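**Q** I'll drop the sequence and a predicted model, then ask my questions.
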Amino acid sequence: MKIDEDSSDAIRELINIGVGRAAGLLNEMTGTHIRLNVPEVHFVEFSDLLHDTSLLESDRLSAVTLRFSGAFSGISMLVFPPESAALLITTLTGEEIDEPELDALRIETLNEVGNIVNNAVMGSIMNVLNEHLTYSMPMYLEGDITQILDTGRAGSYQWVILAISKFILEDLDIIGNILMIFEIGALDTLLERIHETTVNIR
């Protein structure tokens, strides 16, 4: 699949619109000034995501996943190394985390953050394309990427949009990753719709 520069720029812009909305919602929810930006967006094959751990900077991950289906099907995920997840929760709640395991209340906090970011990013894309998706309930999971994903369905996934996101709050830069994992053919459909919409706008 060939991804031209215009399509790449359009997806990057839509993701940035989504994270801007997410930052505004998180500010309202927490009362903490949060800036959220996406300095890099990459397109990688799903098989590379599973086998190249350097893409996500950590073997063990804390993730909030959101399945979507409709015109495009797949999984949206907000993923952190555990230490970054703990730092984000500590900064948002003021509670120090001594143990690597997160309790139910802290998991709920991270789940809410992930749900806001995932919905805002997917929503920004769908609003521009005038499409509707059905979403599952958000789910918090820990482990390596193969444990987090349903490996039984791995054969149905093809392409991944990897957006390296940066949460900037209280002089801290907390790096996470937004992943959009598309089932076979779904990214091609998305790019076609983006091209059609861009042409119509012009």
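**A** Sure, I can see it.
**Q** drop to CA atoms for contacts and neighbour counts, all remaining ones
**A** OK.
**Q** can you give me how far the helix or strand hosting residue 105 is from the chain middle?
**A** Following DSSP states H and E, one finds residue 105 within helix 104-129. Relative to its parent chain, helix 104-129 has a centroid offset of 8 Å by Cα atoms, centre = their mean, to the nearest Å.
**Q** I'd like the numbering to begin with 72 instead of 1 from here.
**A** Got it, first residue is 72 now, which makes that one helix 175-200.
**Q** Need the pLDDT of the spatially closest residue to residue 266 that is not a sequence neighbour.
**A** Excluding its sequence neighbours, the residue lying closest to residue 266 (Cα to Cα, 6 or more residues apart in numbering) is residue 78, at 6.9 Å. Per-residue pLDDT puts residue 78 at 81.
**Q** just checking, residue 232 touches residue 251?
**A** Yes - when contacts are counted by Cα atoms under 8 Å, residue 232 is listed as touching residue 251 (5.1 Å).
**Q** Between these two, which is the more surrounded one?
**A** Remark: of residue 232 and residue 251, residue 251 carries more neighbours, 26 against 21, as counted by other Cα atoms under 10 Å.
**Q** Which pLDDT value belongs to that one?
**A** On pLDDT, residue 251 comes in at 93.
**Q** contacting residues around the helix or strand of the chain with the lowest mean pLDDT?
**A** In the chain, the helix or strand scored least confidently by mean pLDDT, DSSP states H and E is helix 257-272, which has a mean of 77. When contacts are defined by Cα atoms under 8 Å, 6 or more residues apart in numbering, helix 257-272 is touched by residues 72, 78, 81, 142-145, 199-200, 230.
**Q** buried ones in that helix?
**A** For helix 257-272, the buried set under the neighbour-count rule, 16 or more other Cα atoms under 10 Å, comprises 257-259, 261-262, 264-266.
**Q** would you list the residues you listed in JSON lines and tack on distance to residue 208?
**A** Below are those laid out as JSON lines (distance: Cα to Cα, whole Å):
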{"residue": "257", "distance to residue 208": "21"}
{"residue": "258", "distance to residue 208": "22"}
{"residue": "259", "distance to residue 208": "26"}
{"residue": "261", "distance to residue 208": "23"}
{"residue": "262", "distance to residue 208": "26"}
{"residue": "264", "distance to residue 208": "26"}
{"residue": "265", "distance to residue 208": "27"}
{"residue": "266", "distance to residue 208": "30"}
